[in-house]
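> Predicted model, plus sequence, below.
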Amino acid sequence: MAKRERVVRMSVEQPLWRALTGYRVLTMVYAVLIFVFGRERYERPWLAIAYLAVLCCWTLATLPKVANAAGCTRRFLVADLTLALAGILLTPLADTHAQSFDGPTLPSIWTAGSVLAFALKGGWRWAGVASSLVAVANIVERGHPSRDTFHNVLLVWVASIAIGYVVEVARASERTLARALEIEAATRERERLARDIHDSVLQVLAMVKRRGMAMGGEAAEIARMAGEQEVALRALVAGGLTRPSLVSEDESEGAFVRVVEVDEEPDDDTPVDLRVLLAPRAGAQVTLSEPGAPVLLPPPAARELATAVGAALDNVRVHAGEDAHAWILIEDWPDEVVVTVRDDGPGIPEGRLAEAWGEGRMGVALSIRGRLRDLGGSAELISVPGQGTEVELKVPRGKAGEK
């Protein structure tokens, strides 16, 4: 069987990193423009030019670092914040009048980008530490606390902590969603395997048990062993449905779910005639009624529907007896395909299906209803004691190929 691995990526955080990359470039340009239009007030313009040159080179060279959480290391964050703090503290040296009025610092609002990188990488706690250091540097640069300084510091502090908290919540939500998708995928795969086991191994064991008991002698001992293995295998299949085991990873770019899918046959989009698949089911005890025109379905849907019909016929032989007669009716409607399997057996007593599920007998639940559910369809079972059983399988055409 061919296997293919499908990786599903979910990341609420990644767009924030892309936004931060653009923010750093724009604020770098803004800091340069502030100096260009106000350069006459700088007593030491060469110092401002030197710092802004370093800032531009650093910003452009480190764009890959702020593209995702993996590249944004702790060492980079410390160096980035150090550059921002150095620019704040160098402002009074380049502009001796900077402390007398609340003008912009050399890095200006570029500093906020450094603090936001802390928030995206480490959450609200890292953001609180970085914004506090920026607050101290601004107070030292001004020489004394001022209203405008306090306002700017408070704005950066609140914004960075809020963004850091949102990132932490988003990461937790991604992990929860990844786990839920993993469990769903694992459960569907186990149900598929359980259906295959039920349609092959369990049916054979049940037949060996029934025939061996009828023959007696040494065959009865083989029948007893087959019955024990049937019970053990049913319990194993039923218990396995509750234990997910697929791998889920929380990578730096978001949560990942790795799902291994098995292709039973090569992909083929050519529609299959359902009548051809069900024709071998007809016989002395089974009557097949079909339309005169082909009943075309996508290959996966046609195979699953035919297998579900086979499971229904197996139930007729097991529960209604070898002499029971069954009828298969295929109806081809514009929006759906309906296959009805009816027998003239004794019917199913009320509550027997729930009891069978508790015993690990999941032929109806998995081989029939499970298959139809995976196709987006439904399976309805109508049984009246003494009047036989009727199973109606419906597959909508719009969803028949979506597996």
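Happy to help now that I have it.
> how about Gln387, secondary structure?
coil (DSSP: H, G, I helix; E, B strand; the rest coil).
> Next, it: phi, psi?
phi -130, psi 20 (degrees, to the nearest 10).
> From what I see, it and Asp343 are in contact.
No. In this structure, Gln387 is not within contact of Asp343 by C-beta atoms under 8 Å, at 10.1 Å. C-betas here are computed from N, CA, C, even on glycine.
> what about the two, which has more around it?
Asp343 (25 against 12; other C-beta atoms under 10 Å).
> List the contacts of that one.
For Asp343, the contact set (C-beta atoms under 8 Å, 6 or more residues apart in numbering) comprises 316, 320, 324-327, 388-390.
> same thing with Val167?
By C-beta under 8 Å, 6+ apart, Val167 lies in contact with 13, 16, 119-120, 123.
> Out of those, grab the one that's most surrounded.
Ala119 (27 neighbours).
> and the least confident of the contacts of Asp343?
Within the contacts of Asp343, Ala320 has the lowest pLDDT, namely 77.
> Pretty sure it sits against Gly345.
Yes. Taking contacts as C-beta under 8 Å, Ala320 lies within contact range of Gly345: 2.6 Å.
> Could I get the buried residue list for stretch 131-142?
Buried residues in stretch 131-142, counting neighbours by 16 or more other C-beta atoms under 10 Å, are found at 131, 133-135, 137-139, 141-142.
> For stretch 289-307, what is the distance to the chain centroid?
In terms of C-alpha atoms, centre = their mean, to the nearest Å, the centre of stretch 289-307 is found 31 Å from the chain centre.
> ditto for stretch 118-133
Relative to its chain's centre, stretch 118-133 lies at 30 Å (C-alpha atoms, centre = their mean).
> where does the chain dip in pLDDT?
Applying pLDDT under 70 to the chain picks out residues 1-12, 96-102, 144-149, 194-200, 202-203, 230-268, 349-367, 398-403.
> where do the helices sit along it?
14-37, 45-61, 74-94, 110-122, 124-142, 147-197, 203-215, 218-240, 274-278, 299-315, 352-358, 371-374 (DSSP state H).
> I would like the residues contacting the third one, please.
If you take C-beta under 8 Å, 6+ apart as the criterion, helix 74-94 is touched by 42-45, 47-48, 51, 54-55, 58, 62, 65, 98-99, 105-107, 110-111, 114-115, 117-118, 121, 126, 130, 133-134, 137-138, 140-141, 143.
> The same query, at a cut-off of 6 Å, please.
Identification of contacts with helix 74-94 by C-beta atoms under 6 Å, 6 or more residues apart in numbering yields 42, 44, 47-48, 51, 58, 65, 98-99, 105-107, 111, 114, 117-118, 130, 137, 141.
> Just the buried ones from these?
Counted by 16+ other C-beta under 10 Å, these give 42, 47-48, 51, 65, 98, 105-107, 111, 114, 117-118, 130, 137, 141 as buried.
> Just the closest of those residues to Glu290, please.
Distance to Glu290 across these (C-beta to C-beta) is lowest for Lys65, with 65.8 Å.
> Test my guess that Ala326 contacts Val316.
Yes. Ala326 is within contact range of Val316, at 4.8 Å (criterion: C-beta atoms under 6 Å).
> neighbour count winner among the two?
Higher neighbour count among Ala326 and Val316: Ala326, with 26 against 23, using other C-beta under 10 Å.
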